[in-house]
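K.L.:
structure of the sequence below:
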Amino acid sequence: MSDKTCARCGSAYDPAEAREYLGQMLCEDCYLDAMSPIVVCDPWAVHTAKSLKDLPGGQALSPMQQKLYNLVKERGEVPIPEAAAHLGLSEDDLRREFAPLRHMEMLRGCKKDDGIYLTLF
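P.N.:
Next comes the predicted model:
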């Protein structure tokens, strides 16, 4: 390891595993996140999720997705930062867990006041 740090997360990285993205040197994890951004409002993903939900094994949630769904169901609406803190996730990780729930039309996001809230669909 060297003393080089990721431009996005600030953690040290091995120069052999670093990647350049938009002029910044990133660790491997941040590079993968940058190359596969979260797409919440994706009509094709919504169509696919709806088509697959009635098949055997369709609409199975991960344990974290189930916790997120239960949290929103219990509270009615939850600001994204509060949901992330409650579940022990970063906001980026929370958004990754939220995206499939949005595609399955179980949860949605809505702007309210100065933030984005998660609510039931």
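K.L.:
what's the helix or strand where residue 81 lies in contact with?
P.N.:
Take DSSP states H and E as the rule and residue 81 turns out to sit in helix 80-87. For helix 80-87, the surrounding residues in contact (C-beta atoms under 8 Å, 6 or more residues apart in numbering) are 64, 67-68, 71-72, 78, 90-91, 93-95, 97, 109, 115-118. For every residue, glycine as well, the C-beta is placed using N, CA and C.
K.L.:
apply 7 Å and report the result again.
P.N.:
If you take C-beta atoms under 7 Å, 6 or more residues apart in numbering as the criterion, helix 80-87 is touched by 64, 67, 68, 71, 90, 91, 94, 115, 116, 118.
K.L.:
how much space between the last one and residue 12?
P.N.:
Taking C-beta to C-beta, to the nearest Å as the measure, residue 118 and residue 12 are separated by 34 Å.
K.L.:
those two - which one has more neighbours?
P.N.:
residue 118 (24 against 11; other C-beta atoms under 10 Å).
K.L.:
which strand residues bridge the more buried one?
P.N.:
Judged by DSSP bridges, the bridge partners of residue 118 are residue 78, residue 109.
K.L.:
per-residue confidence at it?
P.N.:
Listed pLDDT for residue 118 reads 97.
K.L.:
same check on residue 53?
P.N.:
69.
K.L.:
do the same with the one 5 residues further on
P.N.:
Each residue has a pLDDT score; the one for residue 58 is 60.
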